[in-house]
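> how would this look folded up:
(chains A, B, C and D)
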There are 2 protein chains.
Amino acid sequence: MGRRARLRAQTTAEIKAIALKHLSEGGPDAVSLRAIGREMGMSGSAIYSYFDTRDALITTLINDIYTSLLDQVETARDAVAPDDIAGRILAWGQALRVWSLANPEGFRLIYGDPVAGYHAPAGGPAPEAAKRACLGLTELAAAAWPYAKTTQASTDHQWSDFSPGLADTIREHFPGLPPAAVALALRMWGRMHGLISLEVYGHLGTQTGDPAKLYHAELLDLLRSLGLDVEHARRARTPHSSA
Amino acid sequence: MGRRARLRAQTTAEIKAIALKHLSEGGPDAVSLRAIGREMGMSGSAIYSYFDTRDALITTLINDIYTSLLDQVETARDAVAPDDIAGRILAWGQALRVWSLANPEGFRLIYGDPVAGYHAPAGGPAPEAAKRACLGLTELAAAAWPYAKTTQASTDHQWSDFSPGLADTIREHFPGLPPAAVALALRMWGRMHGLISLEVYGHLGTQTGDPAKLYHAELLDLLRSLGLDVEHARRARTPHSSA
DNA sequence: TCAAAGTCAGAACGGCGTTCAAACTTTGTG
DNA sequence: CACAAAGTTTGAACGCCGTTCTGACTTTGA
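Numbering: from 1, shown residues only, chains lettered A, B, ... in the order given. Take a look at the predicted model:
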């Protein structure tokens, strides 16, 4: 990598860093090319040497943020012993919420309307991270499946219900896993996402003063509906009642 | 109401109608005062006679949309016999999803980042509708409580966990209802909101081709965890697999 | 050495919310 | 009826934005 490429990488990193700073400080509208350039001592139009358009910058931002979310969630999950299935699901769910509340603007970027007028590119803004999220959830569902199948297999899901790419990837990683387990993984995702999304967007704060307790109760109920040992999980990780 | 007041009401209604049209056609950024004025043959600044600011217009839009959502959801619920608790919960949940998919921009406005730079007023943009939603959900949870309390009462919720306003309102409408039931209502909300939110924002479409089936399975699982007769509900309302 | 490629500033275009002064219209009162 | 007060509308202006374009400057590599 020559000198020029090094400078380019450095400037690109600085643009992203300032964009992230503006994002967390002033919300999505504060991420403007002109403002970033102003702070860097550059003209706004100069940024077009590094990103074709503002949406391209947003897309790489989403990619970075989504990746950092998955790093954190996977790390939390892997800190629990592989045979403690309930503990791993709890760890995943709690880490997801903790990250989301610590990075609300990132959460909005990934899961909500990212920014005014932003249109995600084909295949989504962060296909890599999305795949990791999907596989991670499926792994949890697959581990819980022996316990959950008696209650969760009732619904009649087919492989054809899922996109071909997803179905192939999952069958490659988890051979023998039935499609109902994939549906379960998606529903687990939805269950975690629901309360977190309401809380991040401020719809829960006006109702309850302790969303953490609510979320923890929801995770325990999820474990129970999976047929996992809730009492063990409850003893192992008491809710922090923080945030 | 004199002639002037009538004209004023008419113009206000036209502004809102065009704003809604632009919202559904071109997304949130298409709701611009100048564009609305252009379409009405008015200058953009003239709209300031009717709305103090763009945010005020957005706020009344949210209010109208939220109200229409609750009209629809309550109607669906009330079409089911009061003693068919599972059916009423199903009806509420299904109506919520159907409305959300039919009005994705409205859903974004209510539950997501409404519009670039929009800041909700104190007390939320639609306190009236939000209260109806909360009471409606609590009614469902209260009806299910006799069946659900054995499994759902485990978590130790206090009245002090909730905002004083909410707690008082609920104790007035549902005397004797324990705080754990209110927590259950909020968790039911989160459970419905999760999958719907993922679907509206396009995170489910890339994974599954039949989100309706997924959502229906989730509602059945919710009913099961409430201790309600799932088989009855399943027979009564087969999923449509539409949308 | 020197052309090609990359990087940058600055002006420009059209869009936005918002403000303001000035004109015009309706209203209600003396 | 007359006329001031109140309400409505316009059009210009300010400052913001993304984006494009031109021209100057710098680095690169043959």
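> measure the closest residue to residue A:217 other than its chain neighbours to DNA strand C for me?
Distances taken as Cβ to Cβ, 6 or more residues apart in numbering or on different chains put residue B:155 closest to residue A:217, at 4.1 Å, once the chain neighbours are dropped. Bear in mind the C-beta positions are built from the backbone N, C-alpha and C, glycine included. Distance, residue B:155 to DNA strand C, by Cβ to the nearest atom of the strand, to the nearest Å: 43 Å.
> Validate this expectation: residue B:155 resides in a helix.
No. Residue B:155 is assigned coil when assessed by DSSP: H, G, I helix; E, B strand; the rest coil, not a helix.
> right, and it touches residue A:218 too?
No. Judged on Cβ atoms under 8 Å, residue B:155 makes no contact with residue A:218 at a distance of 9.4 Å.
> how about the residues of chain A that lie near DNA strand C?
Within reach of DNA strand C by Cβ under 7 Å from any atom of the strand, chain A has these residues: A:4, A:7, A:8, A:11, A:37, A:41, A:42, A:43, A:45, A:46, A:49, A:50.
> Make sure residue A:203 is indeed in a strand.
No. Residue A:203 is assigned coil when assessed by three-state DSSP, not a strand.
> what's the residue nearest to it when sequence neighbours are not counted sitting at in phi/psi?
Once flanking residues are discounted, residue A:203 sits nearest to residue B:111: 6.7 Å by Cβ to Cβ, 6+ apart. Dihedral angles of residue B:111 (phi, psi; degrees, to the nearest 10) stand at phi -110, psi -10.
> Can you show me the helices along chain A?
Under the criterion DSSP state H, chain A contains helices at A:3-26, A:33-40, A:54-78, A:85-102, A:104-111, A:127-152, A:164-173, A:179-200, A:211-225, A:230-236.
> need the ones you listed in JSON lines with mean pLDDT, can you?
Output for these, formatted as JSON lines (pLDDT from 0 to 100):
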{"stretch": "helix A:3-26", "mean pLDDT": "94"}
{"stretch": "helix A:33-40", "mean pLDDT": "97"}
{"stretch": "helix A:54-78", "mean pLDDT": "97"}
{"stretch": "helix A:85-102", "mean pLDDT": "98"}
{"stretch": "helix A:104-111", "mean pLDDT": "95"}
{"stretch": "helix A:127-152", "mean pLDDT": "94"}
{"stretch": "helix A:164-173", "mean pLDDT": "91"}
{"stretch": "helix A:179-200", "mean pLDDT": "97"}
{"stretch": "helix A:211-225", "mean pLDDT": "96"}
{"stretch": "helix A:230-236", "mean pLDDT": "60"}
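> Can you say which of these is packed in most?
Most buried of the helices of chain A, by mean neighbour count (mean count of other Cβ atoms under 10 Å in any protein chain shown): helix A:179-200, with a mean of 25.
> show me the contacts for the residue of chain A found nearest chain B.
With Cβ to the nearest Cβ as the measure, residue A:194 is the residue of chain A nearest to chain B, at 2.7 Å. Going by Cβ atoms under 8 Å, 6 or more residues apart in numbering or on different chains, residue A:194 touches B:189, B:190, B:191, B:192, B:193, B:194, B:195, B:197.
> one step back: quick check, the residue nearest to residue A:203 in contact with residue B:201.
No. With contact defined as Cβ under 8 Å, residue B:111 does not count as touching residue B:201 (10.0 Å).
> re earlier: relative to DNA strand C, which of the contacts of residue A:194 is nearest.
DNA strand C has its nearest neighbour among the contacts of residue A:194 in residue B:197, at 26.0 Å by Cβ to the nearest atom of the strand.
> distance of the closest one from residue B:227?
From residue B:197 over to residue B:227 the distance is 26 Å, taken as Cβ to Cβ, to the nearest Å.
> hmm, back to that, report the contact partners of the residue nearest to residue A:203.
Residues counted as contacts of residue B:111 (Cβ under 8 Å, 6+ apart) are A:197, A:198, A:201, A:203, B:193, B:197.
> Now the first one: closest residue in space that isn't a chain neighbour?
So that's residue A:197. Nearest non-adjacent residue to residue A:197, counting by Cβ to Cβ, 6+ apart: residue B:197, 5.2 Å away.
> give me every residue that touches that neighbour.
Contact partners of residue B:197, counting by Cβ under 8 Å, 6+ apart, are A:111, A:193, A:194, A:197, B:107, B:111, B:112.
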